[in-house]
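Engineer: let's see this in three dimensions:
(3 chains)
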Amino acid sequence: MKEILREQLNHVRKNRPLIHNITNYVTVNDCANILLACGASPIMSDDINEVEDITSICGGLNINMGTLNQNTVPAMLLAGKKANELGHPVILDPVGVGASKYRNEVASQLLKEVKFTVIRGNISEIKQLALGSGTSRGVDADVADTVTDQTLDQTITFAKAFAKETGAVIAITGAIDIVTSKEQAYVIYNGNPMMSQITGTGCMLSAMTGAYITANSSTPLEATIASLCAMGLCGEKAFNRLTKQDGNATYRNYIIDEIFHLTGESLEEGAKYEMR
Amino acid sequence: MKEILREQLNHVRKNRPLIHNITNYVTVNDCANILLACGASPIMSDDINEVEDITSICGGLNINMGTLNQNTVPAMLLAGKKANELGHPVILDPVGVGASKYRNEVASQLLKEVKFTVIRGNISEIKQLALGSGTSRGVDADVADTVTDQTLDQTITFAKAFAKETGAVIAITGAIDIVTSKEQAYVIYNGNPMMSQITGTGCMLSAMTGAYITANSSTPLEATIASLCAMGLCGEKAFNRLTKQDGNATYRNYIIDEIFHLTGESLEEGAKYEMR
Amino acid sequence: MKEILREQLNHVRKNRPLIHNITNYVTVNDCANILLACGASPIMSDDINEVEDITSICGGLNINMGTLNQNTVPAMLLAGKKANELGHPVILDPVGVGASKYRNEVASQLLKEVKFTVIRGNISEIKQLALGSGTSRGVDADVADTVTDQTLDQTITFAKAFAKETGAVIAITGAIDIVTSKEQAYVIYNGNPMMSQITGTGCMLSAMTGAYITANSSTPLEATIASLCAMGLCGEKAFNRLTKQDGNATYRNYIIDEIFHLTGESLEEGAKYEMR
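Structural biologist: Got it, this is the predicted structure:
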């Protein structure tokens, strides 16, 4: 399997997929830079007059609900449907779903009208999407929802059911990451707690996963695992570079820098995951 | 008093307040990262369909007029009123007021319809708000308005009157910072001139002050002083880290990094201010 | 000529021009910071209610089509016409033109209704503007369009014709940069290939060029050459600072840092260009 992760990364660097991002204005620059760092090319566009054209010239689509806006929602739907029509991979990052009624409604509509290849969020967001419950603390997962060794099996069962329902690979990220199809489940142990002290690690991960599933369109499960291992591993490597004076701003830069230099071999060596 | 500053900081780290930001798209990422750095959590949301929900799950609200937009103004008003209703602290950063008639009108409306806990701006912005005059050089204070030793007492008198009129703590920042309630005035000497060569130091300061007044809701004056001293002190510390080759981009990162590591003890030791 | 470049830079540092930017939300923070780094002041504003006021208090205008939006297009037109009326220099960065029908239409309208002092883009974007053709790979130039030693003369001829048609200085940037008026042509060899792995080097260059042509309003050709040489040279200098672990995030910061420290003497010494 580890060799498979290496291949996923190498395909991104080789194919240089062009990714259409409809995303929030908070972390958009980091999303663009991490896409370039991993070997892909970003284009950000969210106007209804052009999203179908833009999606058509791209290989994949990343929809991120971060700073959700009524002007952008129709663009998300148009682009999502167009990408489906063209057979392009589409990833959904339901940022902050559960934090407002409006986000819940938009998320429901997106799930109804667009077929997603991957859905990636924290445990609270995914619970909200799947069950209409899940407590939420703004854009962060609620402590009550934290995945622990005790709740891991239960969470996997729930994620597989949601994968079956949506036809998407489900990626639940946090201290422990879970990736499931309707049948298979993987648990990933890469990462560092300080990653949660940077804004946008989740958004960056979703953008990069968009590139991975586009460059590896026949293996979305493996591509998602590879992207999550890559992000977590680079979070570890970047943390090791920090001096005593470096804080979250430098850490953000170093994570992107590590993604820039990550090789398939290094990913293969550093990935920590298991099948469950 | 210095121990009081330490307490303000410690309360932020302990309470981890969730801050709702309606802010500009220029410096929004830095605002999110500095909120995380100081121990708070950011959420950015500006759509009228959800701002009331978002404000309701947060502890405080930060309204920043940076890239003022007619779609966002109604959201600022809705969120501001909701926060008032819930008794949440609200901070206003009237970026660039005086630079256009539109900004002046929106600022007037905000002051009329929303009760602010703190209003923070440069001297030109605060003069414009309070007096309808004050010259402006875009988003920077005009040289003609600069607070000097000669004009300090006069500026304090004016700020106290504006504090009385609005019921808010008034924070005027620049080479010398002034913080007043209607009765008390403090002058802060922390900071470094190079901070004005980075975009967003003002915005970051307002966002962080939003966290300080939320975690210390019964002491808005002291919380504001603590936040201003913290920012200025970290500007000094970050400046000391700079090598000869480092410029404003690295300086920005180092300031956030210093906020990330700032302790109550360090703030207590480094704060330079006096009561006037 | 080299002394002329030095003067262009010195005028920016001395005059500190205030630049009005209507630009995309992806790279806007970097644009603001590079304007500060080069000695100018940025203001970002895109609402139709205020763009005329804002342009009036500024010295120059930078229109960037990055995340093109139907709400912002009327603001671009209003601001552009106002700047023309006031005799302010205006620069157009037609980001991604060719990638959608909508971008092509908006670009045409801008060219028809606003007189630009400089138009800066990659070869695919400029071909699209001038000829309505030019292949496009999202926001990057297409390989098929790459300027080589073989196609250089032909590209210069085409750029001169477009300069004549529009009355603007035409700047085509890539591995080799070309700057032409209707009569003169210069080729610039500064830069580093890794600059294309950062999002926003083009946007930053356009913003900075806006400052250069504003501080040197009687010499737009020379000002544009100076800005392009400065950017390329700082790309070289920043690249030399990179350690083995530094990637594109650190590189971005270092480029801005180098612009911050660049002197007229250093620009004079490092500029690599020739008249053709």
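Engineer: and the closest residue to A:K272 other than its chain neighbours, how far from chain B?
Structural biologist: Distances taken as CB to CB, 6 or more residues apart in numbering or on different chains place A:Y189 nearest to A:K272, at 4.2 Å, with adjacent residues excluded. For every residue, glycine as well, the C-beta is placed using N, CA and C. As judged by CB to the nearest CB, to the nearest Å, A:Y189 and chain B stand 24 Å apart.
Engineer: for A:Y25, same thing?
Structural biologist: 4 Å.
Engineer: number of nearby residues for that residue?
Structural biologist: 25 (other CB atoms under 10 Å in any protein chain shown).
Engineer: doesn't it lie inside a helix?
Structural biologist: No: read with DSSP: H, G, I helix; E, B strand; the rest coil, A:Y25 is coil and lies in no helix.
Engineer: residues of chain A that sit close to chain B?
Structural biologist: A:24-27, A:29-30, A:66-71, A:96, A:99-103, A:136-140, A:197-200, A:245-250, A:252-253 (CB under 8 Å from any CB of the partner chain).
Engineer: which of the residues you listed are buried? Put it as a PyMOL command.
Structural biologist: Remark: buried members of the residues of chain A next to chain B, expressed as a PyMOL selection using 16 or more other CB atoms under 10 Å in any protein chain shown:
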select buried, chain A and resi 24+25+26+27+29+30+66+67+68+69+96+99+100+102+103+136+137+138+139+140+197+198+199+200+246+247+248+249+250+252+253
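Engineer: could you pick out which of the residues of chain A next to chain B are near chain C?
Structural biologist: With respect to chain C, and counting by CB under 8 Å from any CB, the subset of those in contact is A:Y25, A:N29, A:N71, A:R252, A:N253.
Engineer: could you check how far the closest residue to A:V28 other than its chain neighbours is from A:Y102?
Structural biologist: Nearest non-adjacent residue to A:V28, counting by CB to CB, 6+ apart: C:V26, 5.1 Å away. In this view, C:V26 and A:Y102 are 25 Å apart by CB to CB, to the nearest Å.
Engineer: what do you get for A:I91?
Structural biologist: In this view, A:I91 and A:Y102 are 21 Å apart by CB to CB.
Engineer: swap in A:Q184?
Structural biologist: 34 Å.
Engineer: off-centre distance for stretch A:211-227?
Structural biologist: 11 Å (CA atoms, centre = their mean, to the nearest Å).
Engineer: now do it, average pLDDT.
Structural biologist: For stretch A:211-227, the per-residue pLDDT values average out at 98.
Engineer: same check, this time on stretch A:156-171
Structural biologist: 97.
Engineer: C-alpha coordinates for that stretch, PDB please?
Structural biologist: C-alpha atoms of stretch A:156-171 as PDB (Å, rounded to 0.1, in the frame of the first residue of the first chain):
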ATOM      1  CA  ILE A 156     -15.800   4.400  11.300                       C
ATOM      2  CA  THR A 157     -19.200   2.600  11.100                       C
ATOM      3  CA  PHE A 158     -20.900   5.900  10.800                       C
ATOM      4  CA  ALA A 159     -18.500   7.200   8.200                       C
ATOM      5  CA  LYS A 160     -18.900   4.100   6.100                       C
ATOM      6  CA  ALA A 161     -22.700   4.500   6.200                       C
ATOM      7  CA  PHE A 162     -22.300   8.100   5.100                       C
ATOM      8  CA  ALA A 163     -19.900   7.000   2.300                       C
ATOM      9  CA  LYS A 164     -22.500   4.500   1.100                       C
ATOM     10  CA  GLU A 165     -25.300   7.100   1.200                       C
ATOM     11  CA  THR A 166     -23.300   9.800  -0.700                       C
ATOM     12  CA  GLY A 167     -21.100   7.600  -2.900                       C
ATOM     13  CA  ALA A 168     -18.200   9.800  -1.700                       C
ATOM     14  CA  VAL A 169     -15.000   9.000   0.100                       C
ATOM     15  CA  ILE A 170     -15.400  10.400   3.600                       C
ATOM     16  CA  ALA A 171     -12.400  12.000   5.300                       C
END
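Engineer: where does pLDDT dip in the stretch 101-250 of chain A?
Structural biologist: Across the stretch 101-250 of chain A, the ranges flagged by pLDDT under 70 are A:133-139, A:143-144.
Engineer: OK, now which residue of it is nearest to chain C?
Structural biologist: A:R241 (6.3 Å; CB to the nearest CB).
Engineer: residues contacting that residue?
Structural biologist: Each residue near A:R241 by CB atoms under 8 Å, 6 or more residues apart in numbering or on different chains is listed here: A:Y254, A:E258, C:Q245.
Engineer: the first one and A:I198, how far apart?
Structural biologist: The one in question is A:Y254. Noted for A:Y254: a distance of 10 Å to A:I198, by CB to CB.
Engineer: and the last one, by the same measure?
Structural biologist: When distance is defined by CB to CB, C:Q245 is 18 Å away from A:I198.
Engineer: which helices and strands sit right next to the helix or strand containing A:V187?
Structural biologist: Counting by DSSP states H and E, the element that carries A:V187 is strand A:185-188. The contact analysis (3 or more CB pairs under 8 Å, 6 or more residues apart in numbering or on different chains; DSSP states H and E) places strand A:185-188 against helix A:152-166, strand A:177-180, helix A:220-241, strand A:273-275.
Engineer: could you rerun that using 6 Å?
Structural biologist: Applying 3 or more CB pairs under 6 Å, 6 or more residues apart in numbering or on different chains; DSSP states H and E, we find strand A:185-188 packed against strand A:177-180, helix A:220-241, strand A:273-275.
Engineer: for chain A, which residue gets nearest to chain B?
Structural biologist: For chain A, CB to the nearest CB, closest residue to chain B: A:G247, 2.9 Å.
Engineer: B:I259 is in contact with that residue, correct?
Structural biologist: No: if you go by CB atoms under 6 Å, A:G247 and B:I259 don't touch, sitting 7.2 Å apart.
Engineer: okay, and the common contacts of these two?
Structural biologist: Counting by CB atoms under 6 Å, 6 or more residues apart in numbering or on different chains, the residues touching both A:G247 and B:I259 are B:A37.
Engineer: residues contacting A:G87?
Structural biologist: So A:G87 contacts nothing (CB under 6 Å, 6+ apart).
Engineer: try A:I34
Structural biologist: A:I34 touches A:M204, A:M208, A:I256, A:I259, counting by CB under 6 Å, 6+ apart.
Engineer: which of the residues you listed fall within helices?
Structural biologist: In helices, defined here by DSSP state H, the members of the contacts of A:I34 are A:M204, A:M208, A:I256, A:I259.
Engineer: now A:T155: how far from B:G87?
Structural biologist: 37 Å.
Engineer: my guess is the residue nearest to A:K272 contacts A:G270. True?
Structural biologist: No: between A:Y189 and A:G270 there is no contact under CB under 6 Å: 10.8 Å.
Engineer: which one's more surrounded, those two?
Structural biologist: Neighbours per residue, other CB under 10 Å: of A:Y189 and A:G270, the larger number sits with A:G270, 18 against 13.
Engineer: show me what contacts the more buried one?
Structural biologist: With CB under 6 Å, 6+ apart, A:G270 has these contacts: A:L233.
Engineer: mind listing the helices for chain A?
Structural biologist: Counting by DSSP H, the helices of chain A are A:2-15, A:28-38, A:51-57, A:73-86, A:101-113, A:123-131, A:152-166, A:201-215, A:220-241, A:248-261, A:264-270.
Engineer: packing partners for the third one?
Structural biologist: Of the remaining helices and strands, those touching helix A:51-57 by 3+ CB pairs under 6 Å, 6+ apart are helix A:73-86.
Engineer: how does it look with 8 Å?
Structural biologist: strand A:18-22, helix A:73-86.
Engineer: for that helix, give the mean pLDDT please.
Structural biologist: Rounded mean pLDDT across helix A:51-57 is 98.
Engineer: convert that helix to PDB, retaining C-alpha atoms only.
Structural biologist: The C-alpha trace of helix A:51-57 is given here as PDB (Å, rounded to 0.1, in the frame of the first residue of the first chain):
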ATOM      1  CA  VAL A  51     -17.700  29.200 -13.200                       C
ATOM      2  CA  GLU A  52     -18.900  26.700 -15.800                       C
ATOM      3  CA  ASP A  53     -16.300  27.900 -18.300                       C
ATOM      4  CA  ILE A  54     -13.600  27.700 -15.600                       C
ATOM      5  CA  THR A  55     -14.600  24.300 -14.400                       C
ATOM      6  CA  SER A  56     -14.500  23.100 -18.000                       C
ATOM      7  CA  ILE A  57     -10.900  23.900 -18.500                       C
END
